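Enquirer: Kindly generate the corresponding structure for this input.
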Amino acid sequence: MQREEYALIKLRFEKQPSTFLSENRDFQITEITHVFGNPNWIFNFHSHENLSEIIYVAGGQGVYTVNGSVFHAGKGDVLIMNPNTVHSVLSDPNDALDAWTLTMTGVKLDDLPQGYIISPGTYPYYNTSGESGEAIRLMLERILTAYTQDSTSDYTHDLTHVLGLSLLLIVHRMVEHNDSHRAMTQKETARRQTALDVLHYIDKNYRSAIKIEQLAAQFHVSASHLAHLFTTEFGISPINYQISRRMSDAQWQLIRTNHSVSTIARAVGYENPYHFTKLFTKHIGLHPQAFREQYTTVKPDESSLFA
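Expert: Numbering: from 1, shown residues only. Predicted structure coming up:
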């Protein structure tokens, strides 16, 4: 007679939780985005003043430009955006990017500034192992599925909140154990702060006429030094960044509104619609009307799921 075997496994947890949960009591997911199947997908230079982002590439290929550094991202890669991080993305037309973005507020980790997931000046690019990457993907899918099925219940809110915190903790531990990132010197940090101040000024005033001499006077440096500083930091000149911001705004309006091209041109800062059309075609690669016709059928949801 075969004897049945029984087992009992019992683990006692004696260590108290860290301060992670208490410090992140104001944590909140503000948006989740999943982009896939669009080989022409682009998102021009932009930044978020009070928001943090975790980007997970589930498949395909794309080029992310982050504070002037270019990263060729593929399956399993994670990019981390602290508040005020200037970034853009361009999908590979031959291998469409499949990417998830989780946008958060209220992040507080260790001794880092409010909202920061990585230390200022460290590189934002990480490659996950198969298991951790799969865990991140599954959490993102669960968050999106839960909210899509029932966006009003307390259960959904609590579940997505816990999943978001769990994902943040996994990424935080991944960052902690990665020793390949070089901290910036005090001088480099000061230069970056000046460049960020210029960037924020442009972000608030990009619809107005801005000259490099005006910026230089505003920040008490020479025009040549300011241009060099900004371009070195972000990989784009101040004036071209202003154009990029105008083009991003115009793209959004072309897809999301029925306004005429002339109206949109004036709204983003161009009194001459012909000049706007010429610039738009040069920078985006399509005439404004052609862009509208091509992308109106592909409408990424710009609104926050979690507002």
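Enquirer: can you give me the helices in this protein?
Expert: Along the chain, the stretches classed as helices by DSSP state H are 20-23, 130-149, 154-176, 186-205, 212-219, 223-234, 238-256, 261-267, 273-284, 288-295.
Enquirer: Mean pLDDT lowest where, among the ones you listed?
Expert: Mean pLDDT is lowest for helix 186-205 among those, at a mean of 77.
Enquirer: show me where pLDDT drops low in the stretch 1-150 of the chain?
Expert: 1-4, 17, 68-70, 121, 129-130 (pLDDT under 70).
Enquirer: 80 instead, please
Expert: 1-7, 10-18, 39-42, 44-46, 65, 67-72, 92-93, 110-111, 119-123, 129-132 (pLDDT under 80).
Enquirer: what are the ranges of the strands in it?
Expert: Assigned by DSSP state E, counting those that start in this stretch, the stretch 1-150 of the chain shows strands spanning 28-35, 42-46, 52-59, 62-66, 69-73, 77-81, 87-91, 98-105, 125-127.
Enquirer: if you skip the residues just before and after it, what's nearest to Val171?
Expert: Ile54 (5.6 Å; CB to CB, 6 or more residues apart in numbering). Glycine gets a C-beta too; all of them are placed from N, C-alpha and C.
Enquirer: Would you check that the one you found makes contact with Leu167?
Expert: Yes: the pair Ile54 and Leu167 passes the contact test of CB atoms under 8 Å, sitting 6.8 Å apart.
Enquirer: which residues do the two both contact?
Expert: Leu102, Ile136 (CB atoms under 8 Å, 6 or more residues apart in numbering).
Enquirer: Could you measure from the closest residue to Gln294 other than its chain neighbours over to Val86?
Expert: Distance criterion CB to CB, 6+ apart; nearest residue to Gln294, sequence neighbours excluded, is Leu286 at 6.7 Å. Going from Leu286 to Val86 by CB to CB, to the nearest Å gives 24 Å.
Enquirer: So which of these two has more stuff around it?
Expert: More crowded of Leu286 and Val86, by other CB atoms under 10 Å: Val86, with 23 against 17.
Enquirer: The more buried one and Asp26, how far apart?
Expert: Val86 is 25 Å from Asp26, by CB to CB.
Enquirer: correct me, but Ala209 touches Arg246?
Expert: No: counting by CB under 8 Å, Ala209 stays clear of Arg246, with 11.4 Å between them.
Enquirer: More neighbours: the two, which one.
Expert: Arg246 (23 against 9).
Enquirer: That one and Ala265 touch, don't they?
Expert: No: counting by CB under 8 Å, Arg246 sits too far from Ala265 to count as a contact (9.3 Å).
Enquirer: Break this structure down into its domains, please.
Expert: 20-176, 187-295 (automatic domain parsing).
Enquirer: Out of these, which gets nearest to Leu8?
Expert: Counting by CB to CB, Leu8 lies closest to domain 20-176 out of these; the figure is 27.7 Å.
Enquirer: Report the spatially nearest residue to Gly106, omitting neighbours in sequence.
Expert: Counting by CB to CB, 6+ apart, the residue nearest Gly106 is Asp26, at 3.5 Å.
Enquirer: for the one you found, what are its contacts?
Expert: Taking CB under 8 Å, 6+ apart as the test, what Asp26 contacts is Thr105, Gly106, Lys108.
Enquirer: Tell me the one among the residues you listed nearest to Ala216.
Expert: Nearest to Ala216 among those, with distances taken as CB to CB, is Thr105, at 33.7 Å.
Enquirer: Show me what the closest one is bridged to.
Expert: Note on Thr105: beta-bridge partners by DSSP bridges are Gln28.
Enquirer: neighbours around it, how many?
Expert: 18.
Enquirer: so who does His72 touch?
Expert: Gln61, Gly62, Val63.
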